[in-house]
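**Student:** Need the 3D shape of this:
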Amino acid sequence: MEIPAPLRLRVDRDTLVSNWQALDRMSGAAACGAAVKANGYGLGATLVAETLAKAGCRDFFVANWAEAQALAPLGVTLSVLHGLRAEDLPVAKAGFARPVLNTPEQIARWRDSGGGPCDVMVDTGMNRLGVSVEAVRGGLLDGLSVETLHSHLACADEDVAMNARQQAAFASLKGKSPARRMSLANSAGIGLGTAYHFDLTRPGLALYGGTPRANMADDLRQVAWPEAQILQRRRVTAGETVGYNATWTAPADTEVAIINLGYADGYRRALSGLGAAMVDGVILPVLGRVSMDLIAIDATARPDLAEGDWVAMAYDLARASAACGVSQYELLTGLGQRFGRA
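**Tutor:** Okay, the predicted model is just below:
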C-alpha cells in the first residue's frame, strides 16, 4: 500500500521549461542541453528530462552510468560525465548513453572494447577531470568517433582572467580533433557571452532557478519549493524555549507549529533561526534549531492552521544561500528522497 508522504516538493514544470527556453535564447547559435545529474539537481531526473525533452531539449548530462541507466527508457541523448571505468564497460556498450572519456586510460579502454560514439573532456585549467590540451593536439583522439569535445570553467560565476584563459585554450582546439561539436559553458558560462558558447551549452543550476551570475537573474525563476505537513500545533508560553539546545526563547506567548521537515530531508541546519515557511504570502519564521526530521515555526499570524495542514517553505535559493552561507547548489541538490514530488 502506498503511503502519502508528509512532505513534498512542488515542481513547476512550466517554469522549468521557461528557464530552459531563456537559456536556449542566451546560448545564441549554440544548442542548449541540460544537466540532470544528482537526480535532476534534486527535482527528479525523470520528471526533468521528460519535461525538457518535450520542450525541445536534445542533450542531457548525468554523472554516472547508474543515472544514465535510470533515464534510458526515455530514449533521450545522454552523456555520462564521469567517463568509463572498467566495470562500466558492459552497460556502456549497450549504447543508450555516450561516455565522456576523461583520461588516456579511458580512451584506450574504449578503443580496445571496439569503440563507438563518445564524448571527451579536456582540462583547460580546472585540474579536475580531462585530458590535456597538448595531448589532443598531439593526436590522442585520432580515429575516435567523438561527438562532443567538452571542457569546464572553474570560475564562470566570477569576472576573473582565468575565464578568458580557459576559453582561449579550448578555442585553440577548433579543427584539431575529430569532434563534431565543442562545449564549454555551464550555467554561469552562458552568462559570460557568445565567445564561451561554442556549439553546445550545458546549464544545470540555472535550469532550476538558481542564479549563477547576477546578470542572469531577471530571466530565471525558481522551479521547486519544499512543502511540509503540520504534525502538531502548540502554545509556548513566554519564557519557555523551543528545540535542541534551547536556542529560542519565547518573548511572549507564541503559537508554534511543528512540521515534518528537517536536515535529513535537505533543509539545512544552517537555516536555524533564519528560514521561514509561507502560507498565502504570510511569513512564518523558523524558531530555534532545525533538527533531523522536524522544524518549529511561528504560527501566531495564522490561527487557522492546524494539524494536517500544509505549509510551503520560503526557499528562494539566492536569498537562502546569502542568509546561511550554504551554496545554492547544496540547497537544491540536498533535497532528499523522502519528498513526494508533485
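**Student:** any idea how far the closest residue to Asp219 other than its chain neighbours is from Ile258?
**Tutor:** Leaving out its chain neighbours, the residue that sits closest to Asp219 by CB to CB, 6 or more residues apart in numbering is Ala22, at 4.4 Å. For the C-beta atoms, the positions are set from N, CA and C on the backbone; glycine is no exception. From Ala22 over to Ile258 the distance is 39 Å, taken as CB to CB, to the nearest Å.
**Student:** Then Arg13?
**Tutor:** Following CB to CB, the distance that separates Arg13 from Ile258 is 31 Å.
**Student:** out of those two, which sits in the busier spot?
**Tutor:** Legend: neighbour count by other CB atoms under 10 Å for Arg13 and Ile258, higher for Ile258 (21 against 16).
**Student:** which one is the more buried one nearest to, not counting chain neighbours?
**Tutor:** Gln232 (4.7 Å).
**Student:** One more: Thr241?
**Tutor:** Closest residue to Thr241 apart from its sequence neighbours, by CB to CB, 6+ apart: Thr249 at 5.1 Å.
**Student:** can you tell me which residues contact the one you found?
**Tutor:** Thr249 is in contact with 239-241, counting by CB atoms under 8 Å, 6 or more residues apart in numbering.
**Student:** quick one, phi/psi of it?
**Tutor:** With angles defined as degrees, to the nearest 10, Thr249 sits at phi -120, psi 130.
**Student:** cool, Met121 as well?
**Tutor:** Taking degrees, to the nearest 10, you get phi -100, psi 130 for the backbone angles of Met121.
**Student:** distance of the residue nearest to Ile258 from Pro4?
**Tutor:** Using CB to CB, we find Gln232 at a distance of 18 Å from Pro4.
**Student:** Those two: which is more packed in?
**Tutor:** Remark: of Gln232 and Pro4, Gln232 carries more neighbours, 13 against 7, as counted by other CB under 10 Å.
**Student:** where's that one, which helix or strand?
**Tutor:** Assigned by DSSP states H and E, Gln232 belongs to strand 224-236.
**Student:** Which strands or helices does that strand pack on?
**Tutor:** Applying 3 or more CB pairs under 8 Å, 6 or more residues apart in numbering; DSSP states H and E, one finds that strand 224-236 contacts strand 7-11, strand 254-259, strand 310-313.
**Student:** neighbouring strands for the second one, and are they parallel or not?
**Tutor:** Just to be clear, that refers to strand 254-259. Strand 254-259 has its sheet partners listed here by DSSP bridges as strand 224-236 (antiparallel), strand 295-298 (antiparallel).
**Student:** which of these sits most buried?
**Tutor:** The highest average neighbour count among these, using mean count of other CB atoms under 10 Å, belongs to strand 295-298 at a mean of 25.
**Student:** Good, we can wrap up now.
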